[in-house]
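# need a structure here:
(chains A and B)
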There are 2 protein chains.
Amino acid sequence: MEVRYELIRECSETKARLGMLHTNRGTINTPIFMPVGTQATVKTMTTEELKGMNAEIILSNTYHLYLRPGHELIKKAGGLHKFMNWDRPILTDSGGFQVFSLGKLRKLSEEGATFQSHIDGSQQVLTPEKAIEIQNALDSDIAMVFDECAPYPADRNYVYNSMKRTSRWAKRCIDANNNPNQSLFGIVQGGMYQDLREESAKELIEMDFPGYAIGGLSVGEPKELMYEVLEYTVPLLPKLKPRYLMGVGTPDAIFEGVEKGIDMFDCVHPTRIGRNGTGMTTYGRVNIKNAKHHESFKPLDPECECYTCRNYTRAYLRHLFKANEVLGLRLMTTHNLYFLIHLMKKIRNSIQEDRFVSFKREFFDKYNRND
Amino acid sequence: MEVRYELIRECSETKARLGMLHTNRGTINTPIFMPVGTQATVKTMTTEELKGMNAEIILSNTYHLYLRPGHELIKKAGGLHKFMNWDRPILTDSGGFQVFSLGKLRKLSEEGATFQSHIDGSQQVLTPEKAIEIQNALDSDIAMVFDECAPYPADRNYVYNSMKRTSRWAKRCIDANNNPNQSLFGIVQGGMYQDLREESAKELIEMDFPGYAIGGLSVGEPKELMYEVLEYTVPLLPKLKPRYLMGVGTPDAIFEGVEKGIDMFDCVHPTRIGRNGTGMTTYGRVNIKNAKHHESFKPLDPECECYTCRNYTRAYLRHLFKANEVLGLRLMTTHNLYFLIHLMKKIRNSIQEDRFVSFKREFFDKYNRND
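Below you'll find the predicted structure:
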């Protein structure tokens, strides 16, 4: 059965909306942030811990799992859920973005993408059909079409051709899809060109996907430009289907996305900066390696209720990082994911109570203090 | 208050014994294995997880904590327990063994040891008084005297002088000790010479320590020689005080130690080999990186109830190691510690029921199959 979006409440001042996405593995509350488990593990975390902090859905990467350990192994294991011990929904990307990120290491044609594996340098091919075959084998709850993500900046002609190809590939993905339990989402492309976004949305909507992502953003363009594209692109999408902004996970961009009607977000940002020693806190970012925390016996975020903040001091976290201890990576990752997951919950509550705009203001009043 | 050893039951066929060690932070059951938290963290683990697998006491290293983050910081934090969020007993070593392991980087005199920090190359000094000052500041429940650990092999004269110095240093440690909540254990030295072990034990027993360690073993000598030394050294020690064999953590040496009357063990072995991909299982060691586990969907140890074995397959664990994922280090460490902690519990049960010898035989019947 395909996922079904239920609209619960709309903000009276912005396009923010509260909803539920019903899947075969349970219902998730939107707007939502999806932690990223690139290699069938959200880095440093157990799935038990993810559940403990109320992660409702995670994302995993087709490109990485295809190369290692291979989708056939995961299929034999009973699918990605069983392989990694996670029984809540999983969204898999198509591998498209990763392949295009390889730059000179890949070649594109109408058929698909040829590229060199980042693991062993071997020659590999991803096509729309192959990306779907892999995702069918992984048995994720939501699969993504194989798209071409245009770089930024790119001229109109390049973006036009790329967008049209994405539409043709989307159709091939639908035709190849062979897993009735999986919902396939379309990806709107068109770069920073409003008419191309319109054309892309129109073509994809005709294909009647159960959900739509907005791709080709957060690829190096100024944030204001991304917000402008969201402003005119989100309203092109069906009201009663989920809208997913790919690769976005900072508080400012999440608030802007929600405000413009986005329901789903994912990004490696919180886990990556956590492993690098940076915490996202109520009062802004904290670099725990900074010498000023040497004798700080307060929690990373005094207003946070996560395992890290309830039990450990900044001085201890700093020590773990200085001493290269794995526990430091774990505790910072735990905090950052908890912080974002609970931020989304507060955002949902604020929409429910129709005070999203004032909540956003209150949040940044503290977040921008940076102390 | 000093720790107090209570003898519960003795094996009728060997010197194995069941006991309880009462400390200010609760009672621990002996024979016991102590996980090692070198840098104020048992590598990759939270203290919550250690409690979850019934770790009753951990060990931490004076040498490492002195160099980083420094005992003054830990004292300001309220002691090592509070710093690392562990409220059960902690035993700290004296730094002696680590310093002597530095080889050419250290110099010995009657005063103490001068050495180069492995972190920044700075010149450092550890004396009996300094080792006690540091441990007093860490506020561990059990502290160890600063001893000189003779290498193997070493001639009788060298070992004699080293043993006599250890006795003089032990006395200086007692005089320097200034923390009434801490129990200071003596360390019997004397290398592989029976008469020197006897002289060392006699001198230390006169100082009336609340517990005794046997040092200078597991330093490269054949295992049979270590067992021989234990055979004649353990009976030299007071019956109603705990006996601690330092640096031992393999199943074979643990069984031999228990059989000869040892109550306490510690070693980095289970955590270190775990991080290297080796599991200690009911059926012997398993190297999870081995290609034969690629499609193995059974648990690491089919007879184990740990979090890892209840939830993950060998194929998944292997994938995590191949992909350099931190979760792999965690899951293997979790298993190995659980395995040893529960092995000790089974050993205690077998002594309680006076079937230690048959339990040992049954254990190795399976362990030596190596499949």
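
# what about the residue nearest to A:Pro270 when sequence neighbours are not counted, neighbour count?
Once flanking residues are discounted, A:Pro270 sits nearest to A:Asn336: 3.8 Å by Cβ to Cβ, 6 or more residues apart in numbering or on different chains. (Each C-beta comes from the backbone N, C-alpha and C, glycine too.) Counted by other Cβ atoms under 10 Å in any protein chain shown, the residues lying close to A:Asn336 total 27.

# I'd say A:Asn336 and A:Gly274 touch.
Yes: using Cβ atoms under 8 Å, A:Asn336 makes contact with A:Gly274 at a distance of 4.1 Å.

# The residue nearest to A:Pro270 falls within a helix, correct?
Yes: under DSSP: H, G, I helix; E, B strand; the rest coil, A:Asn336 sits within a helix.

# Contact partners for it?
Counting by Cβ atoms under 8 Å, 6 or more residues apart in numbering or on different chains, A:Asn336 makes contact with A:Pro270, A:Thr271, A:Ile273, A:Gly274, A:Gly279, A:Met280.

# Farthest pair within these?
By the measure Cβ to Cβ, A:Thr271 and A:Gly279 form the most distant pair in the contacts of A:Asn336, at 11.9 Å.

# Check which helices and strands the helix or strand hosting A:Met226 sits against.
Here A:Met226, judged by DSSP states H and E, is contained in helix A:223-233. Counting contacts by 3 or more Cβ pairs under 8 Å, 6 or more residues apart in numbering or on different chains; DSSP states H and E, helix A:223-233 packs against helix A:194-206, strand A:212-214, helix A:251-259.

# how close does the residue nearest to A:Pro270 sit to B:Phe364?
A:Asn336 sits 46 Å away from B:Phe364, going by Cβ to Cβ, to the nearest Å.

# re earlier: distance-wise, check the residue nearest to A:Pro270 relative to chain B.
Distance from A:Asn336 to chain B, counting by Cβ to the nearest Cβ, to the nearest Å: 15 Å.

# That residue and A:Pro210, how far apart?
A:Asn336 is 30 Å from A:Pro210, by Cβ to Cβ.

# Equivalent analysis for A:Tyr367, please.
For A:Tyr367, the distance to A:Pro210 - Cβ to Cβ - is 34 Å.

# Check A:Val159 too.
Applying Cβ to Cβ, the value for A:Val159 to A:Pro210 is 26 Å.

# And A:Phe359, by the same measure?
A:Phe359 is 30 Å from A:Pro210, by Cβ to Cβ.

# can you check A:Leu237 too?
Distance from A:Leu237 to A:Pro210, by Cβ to Cβ: 12 Å.

# between these two, who's got more neighbours?
A:Leu237 (24 against 19).

# List the contacts of the more buried one.
Counted by Cβ under 8 Å, 6+ apart, A:Leu237 has contacts A:Val188, A:Ala201, A:Ile205, A:Tyr212, A:Arg243, A:Gly261.

# which of these sit farthest apart?
Top of the distance list for the contacts of A:Leu237 (Cβ to Cβ): A:Ile205 and A:Gly261, 15.3 Å.

# the more surrounded of those two?
A:Gly261 (22 against 16).

# What distance do you get for that one to chain B?
Counting by Cβ to the nearest Cβ, the gap from A:Gly261 to chain B is 35 Å.
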